[in-house]
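# My questions concern the predicted model and sequence given below.
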Amino acid sequence: MKKILLSATVILLIAGNLKAQDIKTKDVPAVVKSALTKKYPEAKKIGWEKEKGNFEANWGGKSGEDNSVQFTPAGVFVEIVKAIPVADLPKNVMPYVKAHYKGARVTEAGRVTDAAGKTMYEAEVKGRDLIFDENGNFLKKD
């Protein structure tokens with residue numbers, strides 16, 4: 001019984017660490033803050049999260065999350081997600097959502113640009129991010 005409880009606790013801790021966690025600016029490595037300032041000097045009123053081992057800076061817009069950029073702990077740029085209107089998603093996204101998530105709607109949308117300059121799109125459905133290529137073809141659930 002103790003092994004089962006310990007295993008369940010470990011699983012819950014691991015699962016909890018996979019979700020984004022708000023962190024204080026003082027807990028962000030200096031190299032990450034410096035990389036953000038260098039790449040996005042316009043970033044102001046920044047909120048920080050730790051997600052999948054990376055550091056995510058959020059700023060801009062009414063929600064403070066019009067821009068969401070990720071850096072590794074070493075300060076290497078991973079990707080930026082810029083919020084876009086749901087209507088600006090590629091035309092194939094909505095039919096996919098309608099077919100695979102009956103009755104659900106896209107609550108947020110974003111244009112993702114990774115370190116290589118590749119563009120993808122993100123559509124939030126039922127609290128999960130669905131990732132699509134530049135033509136609106138489904139790639140993965142994030």
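Received, thanks. Numbers count the residues shown, from 1 in each chain.
# Can you find the helix or strand in this protein with the smallest mean pLDDT?
Within the chain, no helix or strand scores below helix 2-18, which has a mean of 39 by mean pLDDT, DSSP states H and E.
# Downstream of that helix, the next helix or strand is which one?
Once the chain leaves helix 2-18, the next helix or strand it forms, by DSSP states H and E, is strand 21-23.
# Note down every partner strand of the lengthiest strand in the chain and its orientation.
The longest strand of the chain (DSSP state E) is strand 106-114. The strands that strand 106-114 pairs with in its sheet are strand 77-83 (antiparallel), strand 119-125 (antiparallel) (by DSSP bridges).
# how about these in JSON lines, adding mean pLDDT, mean neighbour count and distance to residue 64?
(Glycine included, C-beta is placed from N, CA and C.) Converted to JSON lines, the strands paired with strand 106-114 look like this (pLDDT from 0 to 100; neighbours: other C-beta atoms under 10 Å; distance: least, C-beta to C-beta, whole Å):
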{"stretch": "strand 77-83", "mean pLDDT": "97", "mean neighbour count": "18", "distance to residue 64": "11"}
{"stretch": "strand 119-125", "mean pLDDT": "97", "mean neighbour count": "19", "distance to residue 64": "16"}
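# Export those strands as JSON lines, with columns for distance to residue 24.
Converted to JSON lines, the strands paired with strand 106-114 look like this (distance: least, C-beta to C-beta, whole Å):
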{"stretch": "strand 77-83", "distance to residue 24": "21"}
{"stretch": "strand 119-125", "distance to residue 24": "26"}
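# do you know which of these lies nearest residue 95?
Residue 95 lies closest to strand 119-125 among the strands paired with strand 106-114, at 11.9 Å (C-beta to C-beta).
# next structured bit after the closest one?
strand 128-133.
# Alpha carbons only: can I get that following strand in PDB?
C-alpha atoms of strand 128-133 as PDB (Å, rounded to 0.1, in the frame of the first residue of the first chain):
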ATOM      1  CA  ARG A 128      -5.500  22.100 -24.800                       C
ATOM      2  CA  ASP A 129      -3.300  23.600 -27.600                       C
ATOM      3  CA  LEU A 130      -3.700  22.100 -31.000                       C
ATOM      4  CA  ILE A 131      -0.800  22.800 -33.300                       C
ATOM      5  CA  PHE A 132      -1.200  23.200 -37.100                       C
ATOM      6  CA  ASP A 133       1.200  23.900 -39.900                       C
END
